[in-house]
Structure formats: structure tokens, C-alpha cells
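Peer 1: Please work out how this folds:
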Amino acid sequence: QVQLVESGGGLVQAGGSLRLSCSCAASSRGFSGYAMGWFRQAPGKEREFVAGVSRSGGVTAYADSVKGRFTISRDNAKNAVYLQMNSLKFEDTAVYFCAANRGYASSRYASSYDYWGQGTQVTVSS
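Peer 2: As a prediction, this is how the structure comes out:
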């Protein structure tokens, strides 16, 4: 079993920054046994991939819409994954979820993930 808890969301003006955190409590497999991803879902829209990181942290992937503005990282010693969001835009407003999958590398597909957090709201005012 894996439990994921996101934090760090909030209200920010366009152009501002936020750092999301996701803490992981994993049983036998351990946090480093999971690739991690961040997804988001805006009202009336499907959940979409934002960023992903491999088990070791050495390989990252980003949606085109956030490339150059967002950075994903992980600290396996702290059982945590982070999403640094800079130059935020109104269209980044959504509930952000972290997710874990048993593969080595992250995936852009939500169906590839085995565990999900409850989400944290990010609201960007224009």
C-alpha cells in the first residue's frame, strides 16, 4: 500500500510561483520503487499529465504546456516528490494530484499509475 499526501497549493497571482510537495508512505516496496507523476484536473476537463520523474530522479518528462516553467524533483531519502511551478498562468488553475506507478520511468497516462493522492488546489488569478 502507498499513501500520498499533497501540500503547497493555494492562491497566487499570475506570474507568481508555488512549490507543491507530495509525501509518500510506502510499505514493503519503498518510495524509491515507484516512478512518480504530477497530474492536474481543471473543472469540466479531463485529468492531464503535468510532469513525471523516474525512480532514481534521473529522468524527467513534462507536458509541453509547462515545459520551461515547472520542475519536478524527488528526494528518496525524504520520501517526497516536488513540483516547482514558476511563471504561473491563469490556465494552470486546477487540482493537482501526485501519483505513483511501479514502473521505472514515469508515464503520461493516468491509467499507468497505481496510487493517487487526494489533490491540492492551485488557483492562479489573472
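Peer 1: Going by C-alpha atoms from here, please, whenever you check contacts or count neighbours.
Peer 2: Noted.
Peer 1: mind showing which ranges of the protein have poor pLDDT?
Peer 2: Where the chain drops to pLDDT under 70, the residues are 27.
Peer 1: check contacts around the spatially most central residue of it.
Peer 2: Nearest to the geometric centre of the chain sits W38, at 2.2 Å (Cα atoms, centre = their mean). Each residue near W38 by Cα atoms under 8 Å, 6 or more residues apart in numbering is listed here: 49-52, 83, 96-99.
Peer 1: Tell me the one of these nearest G119?
Peer 2: Checking the contacts of W38 against G119 by Cα to Cα gives F97 as the nearest, at 4.4 Å.
Peer 1: hmm, back to that, and the residue nearest to the centre of the chain, that's in a strand?
Peer 2: Yes. With DSSP: H, G, I helix; E, B strand; the rest coil as the criterion, W38 is part of a strand.
Peer 1: List the beta-bridge partners for it.
Peer 2: Beta bridges link W38 to A51, C98, judged by DSSP bridges.
Peer 1: Determine the number of other residues adjacent to V124.
Peer 2: Per other Cα atoms under 10 Å, the neighbour tally for V124 reads 20.
Peer 1: ugh, wrong one, S126
Peer 2: Look at S126: counted by other Cα under 10 Å, it has 11 neighbours.
Peer 1: how near is it to R19?
Peer 2: According to Cα to Cα, to the nearest Å, S126 and R19 sit 19 Å apart.
Peer 1: I figured D92 hits V124, correct?
Peer 2: Yes. Taking contacts as Cα atoms under 8 Å, D92 lies within contact range of V124: 6.7 Å.
Peer 1: Between the two, which contacts overlap?
Peer 2: Shared contacts of D92 and V124 (Cα under 8 Å, 6+ apart): none.
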